[in-house]
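*Asks:* sequence plus the predicted model coming up.
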Number of protein chains: 2
Amino acid sequence: MQITRQADYAIRAIMHLAQLGPAEKASTSQIAEEKDIPLSFLAKIIAQLSVAGLLQTMRGARGGVTLARPPQEINLLEVVEAIDGPIMLNECVSDSYECSQHGCPMRPIWQETQADLVNRLKSSTFDQFVN
Amino acid sequence: MQITRQADYAIRAIMHLAQLGPAEKASTSQIAEEKDIPLSFLAKIIAQLSVAGLLQTMRGARGGVTLARPPQEINLLEVVEAIDGPIMLNECVSDSYECSQHGCPMRPIWQETQADLVNRLKSSTFDQFVN
DNA sequence: AATATATATGAGAATTTTTATCTAAATACG
DNA sequence: CGTATTTAGATAAAAATTCTCATATATATT
């Protein structure tokens, strides 16, 4: 019942970039150093965030990482799910789950609880964390 | 970001007992069979729930397991935390956590999000799931 | 007392997830 | 070309999770 360290690292990285000027770059090693993250671990995480469309990266000398969108258009949920996969409070919340008990009353409870959590994370955008 | 199977098994077990008449017993093996849980795994879980004060157990022939309190006085949070330990959405939510970033704005976000989740689970009592 | 039925407990095995590390390759710039 | 940087893949170490087994202990019934 905890986000992984990787997801936390991802959040830190996004936060670092959000605190820079718009479209300003940072290198993975700069972020790693400032945010206390193992460099080659962070490299992977950044690559994932890039595939997920949250970051833009540029290779080579003078390359680096920048936000793909302004901070107010990036929310916590996206970042967490890009790394940890979809939030699922219990196995049975999944659409494809076949419960051995028919009419188990727990499923809607978990679904509602999860929906609340998801909505809260979705409404937490990164502009709220800058300044 | 998921409760463990063990916690889910614990919930199923409590639910099974809540559906019986008040103070009515069931054996671990009955619960295991009906709720599709490996028997010797469930035995451990039941022992933990008993230590946590949620169940009463009686050894020996005609022994078994029963709720320590009526279903309306047992909530989801207690059951989950008895098995998985305290809910903690991110490492930094812990009181003892020393953040390397001073004044990190994420911490209160996680604390509030977690408080919401905890409150919801706390208000989900097992009488709501019977009938 | 003997027997059958239950839970309690400890060791540990198998599997999965998490957290990394290292190396080689691709890319960009000067 | 040479340097700085991300990308990708293999893999390894550690931790957590899931589950099994053997045995001990307690209780009720006969």
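*Replies:* Yes, it's here. Residues are numbered from 1 along each chain as shown, chains lettered A, B, ... in the order given.

*Asks:* residue A:52 touches residue A:77, doesn't it?
*Replies:* No. Counting by C-beta atoms under 8 Å, residue A:52 does not reach residue A:77; the two are 11.7 Å apart. Where C-beta positions appear, they are placed from N, C-alpha and C, glycine not excepted.

*Asks:* who's more crowded, the two?
*Replies:* residue A:77 (19 against 15; other C-beta atoms under 10 Å in any protein chain shown).

*Asks:* surely the more buried one touches residue A:121?
*Replies:* Yes. Residue A:77 lies in contact with residue A:121 (C-beta under 8 Å); the separation is 3.8 Å.

*Asks:* now for these two: what residues contact both?
*Replies:* Taking C-beta atoms under 8 Å, 6 or more residues apart in numbering or on different chains as the criterion, residue A:77 and residue A:121 both touch residue A:87.

*Asks:* can you show me the strands along chain A?
*Replies:* For chain A, the strands defined by DSSP state E cover A:55-58, A:64-67.

*Asks:* gap between the closest residue to residue A:37 other than its chain neighbours and residue A:51?
*Replies:* Distance criterion C-beta to C-beta, 6 or more residues apart in numbering or on different chains; nearest residue to residue A:37, sequence neighbours excluded, is residue A:9 at 4.9 Å. Distance from residue A:9 to residue A:51, counting by C-beta to C-beta, to the nearest Å: 16 Å.

*Asks:* pretty sure residue A:121 is touching residue A:76, no?
*Replies:* Yes. Using C-beta under 8 Å, residue A:121 is in contact with residue A:76, at 4.4 Å.

*Asks:* quick one: pLDDT of the residue nearest the centre of chain A?
*Replies:* What sits nearest the mean C-alpha location of chain A, by C-alpha atoms, centre = their mean, is residue A:79, with 1.4 Å. Model confidence at residue A:79, expressed as pLDDT, equals 98.

*Asks:* kindly report the same for residue A:16.
*Replies:* So residue A:16 comes in at 97 (pLDDT).

*Asks:* please apply the same query to residue A:24.
*Replies:* According to the per-residue confidence, residue A:24 scores 94 in pLDDT.

*Asks:* how about residue A:66?
*Replies:* 98.

*Asks:* contacting residues for it?
*Replies:* For residue A:66, the contact set (C-beta under 8 Å, 6+ apart) comprises A:17, A:23, A:24, A:25, A:26, A:55, A:56, A:57, A:58.

*Asks:* show me where chain A dips below the pLDDT cut-off.
*Replies:* For chain A, no stretch has pLDDT under 70.

*Asks:* can I get the longest helix anywhere in it as CSV, trimmed to CA atoms?
*Replies:* Secondary structure of chain A read by DSSP state H shows that its longest helix is helix A:106-122. These are the backbone C-alpha positions of helix A:106-122, laid out as CSV (Å, rounded to 0.1, in the frame of the first residue of the first chain):
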residue,chain,number,x,y,z
MET,A,106,-16.3,-5.7,-1.2
ARG,A,107,-15.7,-5.0,-4.8
PRO,A,108,-17.7,-1.8,-5.0
ILE,A,109,-16.1,-0.6,-1.8
TRP,A,110,-12.7,-0.9,-3.2
GLN,A,111,-13.8,0.6,-6.5
GLU,A,112,-15.2,3.7,-4.8
THR,A,113,-12.2,4.0,-2.5
GLN,A,114,-9.8,3.8,-5.4
ALA,A,115,-11.8,6.3,-7.4
ASP,A,116,-11.5,8.8,-4.6
LEU,A,117,-7.8,8.3,-4.4
VAL,A,118,-7.3,8.5,-8.1
ASN,A,119,-9.4,11.7,-8.3
ARG,A,120,-7.4,13.3,-5.6
LEU,A,121,-4.1,12.5,-7.3
LYS,A,122,-5.4,13.6,-10.6
